[in-house]
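J.: Coordinates for the following, if possible.
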Amino acid sequence: MLRRQLLHFGAFTLAGLPVSLLRAQEAAQKKLVVVMLRGAVDGLSVVAPHGEREYAASRPQIAIAPPGAEDGLLRLDSLFGLHPALAPLKRHWDGGQLAFVHASGSPDPTRSHFDAQDYFESGTPGRKSTPDGWMNRLLVALPGEPAPTRAISMGQTPPRIFAGAGQVASLGLGPNAMQRRAIDNPQMQAGLAKVYAGDAQLSGTLRDATESRGEMARSMAAGMGGRSMDPSADAGAPSARSFAADARRLGTLIRKDAHTQLAFTSVGGWDTHVNQGGVRGQLANRLASLGEGLDALAVGLGDALRDTVIVVASEFGRTLRQNGNGGTDHGRGNVIWLLGGPVAGGQVLGEWPGLDSSALADGRDLAVRTDFRQVLAPLLQRHLGLPETALAAVFPQGPQTWRYADKLLRA
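T.: Purely as a prediction, here's the structure:
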């Protein structure tokens with residue numbers, strides 16, 4: 001069992017590209033956090049097209065009132081409004097640090113959660129045979145020196161997006177995520193080192209696992225001002241507070257650990273087939289939790305937010321029309337969120353296809369006009385400094401052209 005657990009940490013040698021020390025130091029300051037919303041969040045409620053007549057007509061019970069009305073959307077522009085449950089994020093929009101790319105998603109038409117999530121995490125829509133995840137390929141290709149905590153996954157299980165040869169540190173959930181365990185005992189480490197001395201792979205895994213846990217523990221302690229975390233702080237708290245605590249903890253770790261550049265976490269519960277609700281209800285409650293958590297992540301990042309881009313995405317969107325159960329079914333186009341200091345915020349980007357029946361995919365869904373890789377690729381190149389030659393390795397068989405390269409980030 002220990003052998004299997006150790007192997008979950010992945011392999012251990014990163015192929016950093018040769019760059020000058022100055023460029024490596026500059027690149028190391030740039031950070032990318034990806035938050036995946038598993039279950040297909042309803043992007044037409046997150047950033048609602050109130051300016052389209054078909055929006056309210058197709059959702060008689062769950063459409064949200066336009067900006068200015070009681071319990072109405074938070075105005076973004078003449079066409080779009082933000083769900084009022086996401087009010088904690090409005091200050092980031094007003095401050096020019098939050099943007100959206102609407103009608104985006106995967107070019108593969110699947111409505112299977114399993115397949116669509118796999119395609120997003122592998123970065124190869126339509127191809128199930130890809131063995132690794134795009135964030136692991138990115139980790140291997142990034143300029144600069146490797147480090148045990150250069151990439152962090154927050155969650156209970158290793159995600160598909162980080163599968164591969166690059167070493168990824170794992171951060172659990174909750175206030176006890178970095179509680180000392182047997183593996184942190186120096187005597188246990190020494191004993192295991194002797195046991196695995198003849199196995200180069202397991203020896204390397206053990207070494208990198210203990211190094212990454214040590215670095216994270218030191219960073220977390222520094223973020224708490226030397227105080228230990230109080231396990232009772234989240235006791236009995238609702239999901240919004242629990243997620244916010246985890247998100248802030250992740251942000252603090254990234255801020256305190258100069259080595260960390262990449263991080264991934266996911267939030268579930270977005271498959272709202274029944275009783276989705278509008279301004280109140282099931283979806284609104286979950287969006288409130290998410291908004292509070294994302295704002296807490298930004299607070300945890302502190303000054304590091306100016307060098308961090310947070311990407312929030314889901315595997316696909318949901319149907320324009322509400323179903324007979326007061327919910328929405330699996331759809332196609334969705335909205336990608338971008339938050340952070342480098343983001344050219346205060347704008348809704350993307351080629352908007354409209355909601356007229358002739359414009360809908362399969363006569364029912366918001367069409368996908370922007371491949372999700374066309375949003376990610378400019379971030380990897382312009383923000384993280386990924387060489388163009390390495391981009392093809394991160395997104396093999398990607399789109400022929402990369403859009404929005406001059407619109408997503410500040411000049």
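J.: Could you list the low-pLDDT ranges of the stretch 201-350 of the chain?
T.: 201-241 (pLDDT under 70).
J.: mind listing the strands for it?
T.: 262-267, 308-314, 334-339, 348-349 (DSSP state E, counting those that start in this stretch).
J.: And the third one, how far out from the chain middle?
T.: Pointing back at strand 334-339 there. 10 Å (C-alpha atoms, centre = their mean, to the nearest Å).
J.: and the strands of the stretch 201-350 of the chain as a markdown table, adding mean neighbour count?
T.: (C-beta placed from N, C-alpha, C; glycine too.) Shown next, in a markdown table, are the strands of the stretch 201-350 of the chain (neighbours: other C-beta atoms under 10 Å):
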| stretch | mean neighbour count |
| --- | --- |
| strand 262-267 | 23 |
| strand 308-314 | 24 |
| strand 334-339 | 26 |
| strand 348-349 | 20 |
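J.: could the ones you listed go into a markdown table alongside distance to residue 36?
T.: Converted to a markdown table, those look like this (distance: least, C-beta to C-beta, whole Å):
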| stretch | distance to residue 36 |
| --- | --- |
| strand 262-267 | 4 |
| strand 308-314 | 6 |
| strand 334-339 | 11 |
| strand 348-349 | 20 |
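J.: Which among the ones you listed is found nearest to residue 79?
T.: strand 348-349 (7.4 Å; C-beta to C-beta).
J.: Neighbouring strands of the very next helix or strand once past that closest one in the sheet, and parallel or not?
T.: Next along the chain after strand 348-349, taking DSSP states H and E as the criterion, comes strand 370-371. Within its sheet, strand 370-371 is paired with strand 98-105 (parallel), according to DSSP bridges.
J.: Correct me if wrong: residue 310 contacts residue 340.
T.: Yes: contact criterion C-beta atoms under 8 Å: residue 310 and residue 340 qualify, at 5.3 Å.
J.: for the strands of the stretch 201-350 of the chain, which one sits closest to residue 86?
T.: Nearest to residue 86, of those and by C-beta to C-beta, is strand 334-339 at 9.5 Å.
J.: relative to strand 98-105, how tilted is that closest one?
T.: 150 degrees (axes from the mean of the first three to the mean of the last three C-alpha atoms, to 10 degrees).
J.: Now do strand 334-339: which elements does it pack against?
T.: Here strand 334-339 touches helix 43-46, strand 98-105, strand 308-314, helix 372-378, going by 3 or more C-beta pairs under 8 Å, 6 or more residues apart in numbering; DSSP states H and E.
J.: what's in contact with the third one?
T.: Read it as strand 308-314. The contact list for strand 308-314 (C-beta atoms under 8 Å, 6 or more residues apart in numbering) reads 30-41, 43, 120, 254, 270, 294, 297-298, 301, 334, 336-343, 372, 375-376, 379, 383, 409.
J.: Helices along the stretch 1-150 of the chain, start to end?
T.: Remark: helices assigned in the stretch 1-150 of the chain by DSSP state H, counting those that start in this stretch are 2-7, 21-28, 43-46, 53-58, 90-94, 113-122, 134-141.
J.: tell me the most buried of those helices?
T.: Greatest average neighbour count among those goes to helix 43-46 (a mean of 27), per mean count of other C-beta atoms under 10 Å.
J.: what is the mean pLDDT for that helix?
T.: Across helix 43-46, the average pLDDT comes to 98.
J.: Show me what that helix is packed against.
T.: Checking 3+ C-beta pairs under 8 Å, 6+ apart, helix 43-46 ends up next to helix 282-301, strand 334-339.
J.: In terms of secondary structure, what does the longest one contact?
T.: Put plainly, it is helix 282-301. Against helix 282-301 (3+ C-beta pairs under 8 Å, 6+ apart) you get strand 31-37, helix 43-46, helix 239-256, strand 262-267, strand 308-314.
J.: Hey, what's the angle from the longest one to strand 308-314? Just curious.
T.: Just to be clear, that refers to helix 239-256. Using the same axes, to 10 degrees: helix 239-256 against strand 308-314 is 140 degrees.
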